[in-house]
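Participant: This is a predicted model, with the sequence first.
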Amino acid sequence: DCQSDPALNRRKIYTNRCSFKGCKQKELIKVLCENCHQNYCLKHRHETDHDCKGFQDTGRGVSRAGAAAIFRTPQSSSKPTTSGSSNKPSAKVAKPQTTPLSQLGRELDSERRQRQAMAARTVQGGMTEDEALAQAIQMSMAESSQPTQPSKPLTQQEQDDLLLAQAIAASQEENRREQRRRQEAAQRREENKTSCQLS
């Protein structure tokens, strides 16, 4: 009459069953989707892996507090069951109420999207995003290769600074040439020393 069953203990630990249709995987901890607030296994935890349709198939995400409030309401019989232990048939998912104000909001939203798409096409000149990006890079490269022309005459201080900077650059270039000449001369001397041998 031993009641110690290791498999029974294991089943009690892994109680968080995946809500994905056909998946029977159970996890040690809950892995809740932020949009639909359903529990999933590690394989189906990402929205793309379980074809997330939002909270109660509305296409929208709801905060945790909002989902908890909806589940607490008496009309929450439409919530999907995740445990599968309920034998009651689940009711249809309630769709959002359609009012003239909500319809107007949807129309304004679609108009705004159309205007944004039109503006993007106008700005890009009928080009695809990749073509517009390539053209922008090409124009930027062309601008950076051209010397910049000052838009206003330089002040006396700016002219003096420019002359000083040019003199310093010329001095540095002359110094580099002198160092290269010395290095080349030292290399030739080394080569001459190694080529001379006493027999």
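Facilitator: Now that the structure is in, tell me what you want to look at. Numbering: from 1, shown residues only.
Participant: Is Asp160 within a helix or a strand, and which one?
Facilitator: With elements taken from DSSP states H and E, the one containing Asp160 is helix 156-195.
Participant: Can you tell me how far Asn175 is from Pro153?
Facilitator: Relative to Pro153, Asn175 is positioned 32 Å away (C-beta to C-beta, to the nearest Å). The way it works is simple: take the backbone N, C-alpha and C, and place the C-beta from them, glycine included.
Participant: err, Thr48, not the other one
Facilitator: 61 Å.
Participant: again, but for Ala167
Facilitator: Computed as C-beta to C-beta, the Ala167 to Pro153 distance reads 21 Å.
Participant: Pick out whichever of these two has more residues nearby.
Facilitator: Comparing Ala167 with Pro153 by other C-beta atoms under 10 Å, the one with more neighbours is Ala167, at 10 against 7.
Participant: Model confidence score at that one, please.
Facilitator: pLDDT for Ala167: 90.
Participant: who are the neighbours in contact with Asn39?
Facilitator: Listed by C-beta atoms under 8 Å, 6 or more residues apart in numbering, the contact partners of Asn39 are 16-19, 27, 30-32, 82.
Participant: and Arg180, what does it touch?
Facilitator: By C-beta under 8 Å, 6+ apart, the contact list for Arg180 is empty.
Participant: mind checking pLDDT for it?
Facilitator: Predicted confidence (pLDDT) for Arg180: 92.
Participant: same thing with Pro80?
Facilitator: Here the pLDDT value assigned to Pro80 is 48.
Participant: what ranges do the strands span in this structure?
Facilitator: Using DSSP state E, the strands of the chain run over 16-17, 26-27.
Participant: Among the ones you listed, show me which one is buried the most.
Facilitator: Highest mean neighbour count among those (mean count of other C-beta atoms under 10 Å): strand 16-17, with a mean of 18.
Participant: So in that sheet, which strands flank it, and in what orientation?
Facilitator: Strands that pair with strand 16-17, judged by DSSP bridges, come out as strand 26-27 (antiparallel).
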